[in-house]
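Undergrad: Could you work out the structure for the sequence below:
(2 chains)
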2 protein chains.
Amino acid sequence: MIKGSQSISFEQAPYLITAASVVGEKEGAGPLGSLFDFVDNENLFGEDTWEAAESRMQNKACAIALGKAGLGPEQIRYLFGGDLLRQGIATSLGVEAFQIPMFGLYGACSTSGEALALASMSVAAGYGDYMLAVTSSHFGSAEKEFRFPLGYANQRPLSASWTVTGSGAFIVGTAPSSVRIAGVTIGKIVDYGLKDSQNMGACMAPAACDTILKHFEDFGRRAEDYDRIITGDLGYVGQSILFDLMRKRGNDIKSNHNDCGMMIFDQQMQDTHSGGSGCGCAATTLAACILPKLVSGEWKRVLFVPTGALMSTVSYNEGESVPGIAHGIVLEHAEI
Amino acid sequence: MIKGSQSISFEQAPYLITAASVVGEKEGAGPLGSLFDFVDNENLFGEDTWEAAESRMQNKACAIALGKAGLGPEQIRYLFGGDLLRQGIATSLGVEAFQIPMFGLYGACSTSGEALALASMSVAAGYGDYMLAVTSSHFGSAEKEFRFPLGYANQRPLSASWTVTGSGAFIVGTAPSSVRIAGVTIGKIVDYGLKDSQNMGACMAPAACDTILKHFEDFGRRAEDYDRIITGDLGYVGQSILFDLMRKRGNDIKSNHNDCGMMIFDQQMQDTHSGGSGCGCAATTLAACILPKLVSGEWKRVLFVPTGALMSTVSYNEGESVPGIAHGIVLEHAEI
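TA: I've put the predicted structure just below:
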């Protein structure tokens, strides 16, 4: 069952039963716009603050995922969730109403990988028939949390990414579906000493490289064994660094790599610089775009690698580096 | 293996192999002072900022726990850790050097329970021989994070708790030791609508009550089945509310209840008002005081219930309530 030092290959692979995506106006206007379950063009989701809007998004994403599966919240054994806000408050207030026993998580933009890993590990261990994994981010709340309130209208360097307003929710369980979670590779913190919070792609690319290579080693696989290797949100800057790092280690993933941060926005038309980012980026892209291709069988096996930049405003202001982390999730098409 | 709706009873119970506690000056001067593994009377642990000091504490606690077990970090399969700072930065920067694949967690002061639950679930599932659980809090960093920088010298109401400067680390694994983790009860978010961030005991007591009662129900037990039921850090105010709530539901736990927030400081001599709190409070009290009594067999079975108040400065300032969460961990003396 265990493969190598950081990975688990599930003997009885859990299934990714349903997924839901809820996004804001800019995401709805992007290349994946028609694929999301719900788009709110006001970005406030009926609430008065960006933070309350983010909680509302998580709530809505969970409700849609539950609805698609025909499950009530009382049938979910444990919930694994997180966001980018301090003290994970969007999750706490967002999922409270479901009254599902919960684990709060934080892995920056890698949290969707962390949540899917723990949910699938719990199902595979027999701890319950259904688990719920949910993450979110909101452009308004994240800019305030990490950089400046939107009202300041600060300038953004070209290496900056655009935090996705969105939440993705996933039900993982034993009931067969068309996608299974075959294994996971849990990432280590990788720190190249970079300190630029406006260039998160550069901070996260070394972690993505480390996790992908460890995954190949643990599972005895190569890039060709995957239809796609899709990182969380390295963006354009991070992708080019990832390619360089991989090539130096004798691996070329150019032909089958993509990145959620590059998929979710149209860089030229939407002025999103390096691309999308945030806990909601990889989660909504997975739910809306990646999973349907696995369900249909167009893709047979995908390595999904959400990446996170581990920093806070305080650590940034105190001059600390911005280390990265990335988790690998093996998603496979399954014949029911 | 599964008991009731929120609990797991492990067929092959993992062992709590070693524990370590690192604290600051005030904790060292308190009633448990002589029991901690390391006391830093400067509270800065050789660093320049409270935040860096907290990272250093986590690092030190992990190193001591590893040393006691005679293990190197490469022998630890996964690390589960968290703290009170925004974006869990104390953990990210504190454990980075060990290069252990990691899961970042957030459950406010309940995080030690969340980490021990996930670590023991992972060991019981066969995902690895050794897991590391670590949490921390620091009075200086937490006051700045949640209330006001210490330099403001703000007044504290009598219902306020005193954030413990400390970090506790635990190695959970398959190798037999004198304490086993027999089961867990994962808590739901319980929200009575309270909004006073300076009375966290009142915010968390309903969650503690809910988890303890659910635990009794799931395991078919009563208070008498435990030598002690020890909550995380309700403090004096929270304890009296817990007793009231339990009594209304037909349970009296007065004779065998204690609270880490009440155990770690001398309320009269140390001017700590309602008692200690923070991710480091329950963790260091467990490591230094509770586990030795389980190891010796003085106590045969303890229900350890760390409690968390789910809030942030932003949620508080935006008028949101402060819901609570509590996780139950069943610790039993084991004959080797």
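
Undergrad: C-alpha from now on. contacts and neighbour counts both.
TA: OK.

Undergrad: Quote the end-to-end distance of stretch A:150-161.
TA: Terminal residues of stretch A:150-161 lie 15 Å apart, using Cα to Cα, to the nearest Å.

Undergrad: residues near the closest residue to chain B within the stretch 201-336 of chain A, how many?
TA: Minimum separation of the stretch 201-336 of chain A from chain B (Cα to the nearest Cα) falls at A:Ser312, amounting to 5.8 Å. For A:Ser312, the count of nearby residues is 24 (other Cα atoms under 10 Å in any protein chain shown).

Undergrad: got a list of what A:Tyr192 touches?
TA: A:Tyr192 is in contact with A:Cys203, A:Pro206, A:Pro323, counting by Cα atoms under 8 Å, 6 or more residues apart in numbering or on different chains.

Undergrad: What of A:Ser321?
TA: For A:Ser321, the contact set (Cα under 8 Å, 6+ apart) comprises A:Asp191, A:Gly193, A:Leu194, A:Lys195, A:Asp196, A:Met311, A:Ser315.

Undergrad: likewise A:Glu320?
TA: A:Lys195.

Undergrad: Can I take it that it is in a helix?
TA: No - secondary structure of A:Glu320 (DSSP: H, G, I helix; E, B strand; the rest coil): coil, not part of a helix.

Undergrad: okay, it: pLDDT?
TA: At A:Glu320, the pLDDT value in this model is 96.

Undergrad: same thing with A:Met1?
TA: pLDDT at A:Met1 comes out at 64.

Undergrad: swap in A:Gln155?
TA: The model reports A:Gln155 with a pLDDT of 89.

Undergrad: helix, strand or coil for it?
TA: Classified using three-state DSSP, A:Gln155 is coil.

Undergrad: try A:Ile8
TA: Here A:Ile8 takes the strand state, with states given by three-state DSSP.

Undergrad: bridging residues for it?
TA: Beta bridges link A:Ile8 to A:Ile2, A:Val184 when assigned by DSSP bridges.

Undergrad: Look up the pLDDT of it for me, please.
TA: 98.

Undergrad: what about it, how many neighbours?
TA: The number of residues near A:Ile8, taken as other Cα under 10 Å, comes to 23.

Undergrad: if I look at it, how far off is A:Ile329?
TA: 10 Å.

Undergrad: now A:Cys289
TA: Distance, A:Cys289 to A:Ile329, using Cα to Cα: 16 Å.

Undergrad: picking up where we left off before, list the contacts for the residue of the stretch 201-336 of chain A closest to chain B?
TA: Contacts of A:Ser312 by Cα under 8 Å, 6+ apart are A:Phe146, B:Arg86, B:Gln87, B:Ile89.

Undergrad: same question, A:Leu286
TA: A:Cys260.

Undergrad: Just say helix, strand or coil for it.
TA: Using three-state DSSP, the structure places A:Leu286 in helix.

Undergrad: picking up where we left off before, A:Cys289 and A:Ile329: which has the busier surroundings?
TA: Counted by other Cα under 10 Å, A:Cys289 and A:Ile329 do not tie: A:Ile329 has more neighbours, with 27 against 19.

Undergrad: Next, the more buried one: phi, psi?
TA: phi -120, psi 120 (degrees, to the nearest 10).

Undergrad: correct me, but it touches A:Phe304?
TA: Yes - counting by Cα atoms under 8 Å, A:Ile329 touches A:Phe304, with 5.1 Å between them.

Undergrad: Enumerate the residues of the stretch 151-300 of chain A near chain B.
TA: Residues of the stretch 151-300 of chain A lying near chain B by Cα under 8 Å from any Cα of the partner chain: A:Ile186, A:Gly187, A:Lys188, A:Ile189, A:Val190.

Undergrad: most surrounded residue in those residues?
TA: A:Gly187 (31 neighbours).

Undergrad: tell me the secondary structure for that one?
TA: Assignment for A:Gly187 (three-state DSSP): coil.

Undergrad: Tell me where the stretch 151-300 of chain A has helices.
TA: Ranges of helices in the stretch 151-300 of chain A, per DSSP state H, counting those that start in this stretch, are A:200-219, A:235-248, A:260-263, A:267-270, A:279-285, A:291-296.

Undergrad: I'd like those helices as JSON lines, with mean pLDDT and mean neighbour count appended.
TA: As requested, these are exported to JSON lines (pLDDT from 0 to 100; neighbours: other Cα atoms under 10 Å in any protein chain shown):
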{"stretch": "helix A:200-219", "mean pLDDT": "97", "mean neighbour count": "25"}
{"stretch": "helix A:235-248", "mean pLDDT": "98", "mean neighbour count": "20"}
{"stretch": "helix A:260-263", "mean pLDDT": "98", "mean neighbour count": "26"}
{"stretch": "helix A:267-270", "mean pLDDT": "94", "mean neighbour count": "12"}
{"stretch": "helix A:279-285", "mean pLDDT": "98", "mean neighbour count": "34"}
{"stretch": "helix A:291-296", "mean pLDDT": "98", "mean neighbour count": "18"}
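
Undergrad: Would you convert the ones you listed into a markdown table that also reports distance to A:Glu51?
TA: Below are these laid out as a markdown table (distance: least, Cα to Cα, whole Å):
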| stretch | distance to A:Glu51 |
| --- | --- |
| helix A:200-219 | 22 |
| helix A:235-248 | 25 |
| helix A:260-263 | 22 |
| helix A:267-270 | 24 |
| helix A:279-285 | 14 |
| helix A:291-296 | 28 |
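
Undergrad: State the distance from A:Val330 to B:Met311.
TA: In terms of Cα to Cα, A:Val330 sits 34 Å off from B:Met311.

Undergrad: er, A:Leu93 actually
TA: Distance, A:Leu93 to B:Met311, using Cα to Cα: 9 Å.

Undergrad: ok, the closest residue to A:Asn59 other than its chain neighbours - contacts?
TA: Closest residue to A:Asn59 apart from its sequence neighbours, by Cα to Cα, 6 or more residues apart in numbering or on different chains: A:Gly94 at 5.0 Å. The contact partners of A:Gly94, taken as Cα under 8 Å, 6+ apart, are A:Glu54, A:Ser55, A:Arg56, A:Met57, A:Gln58, A:Asn59.

Undergrad: Apply 7 Å and report the result again.
TA: Neighbouring residues of A:Gly94 by Cα atoms under 7 Å, 6 or more residues apart in numbering or on different chains: A:Ser55, A:Arg56, A:Gln58, A:Asn59.

Undergrad: What pLDDT is listed against it?
TA: At A:Gly94, pLDDT is 98.

Undergrad: just A:Gly4 next, same as before
TA: So, for A:Gly4, pLDDT stands at 76.

Undergrad: Count the neighbours of it for me.
TA: A:Gly4, neighbours per other Cα under 10 Å, totals 16.
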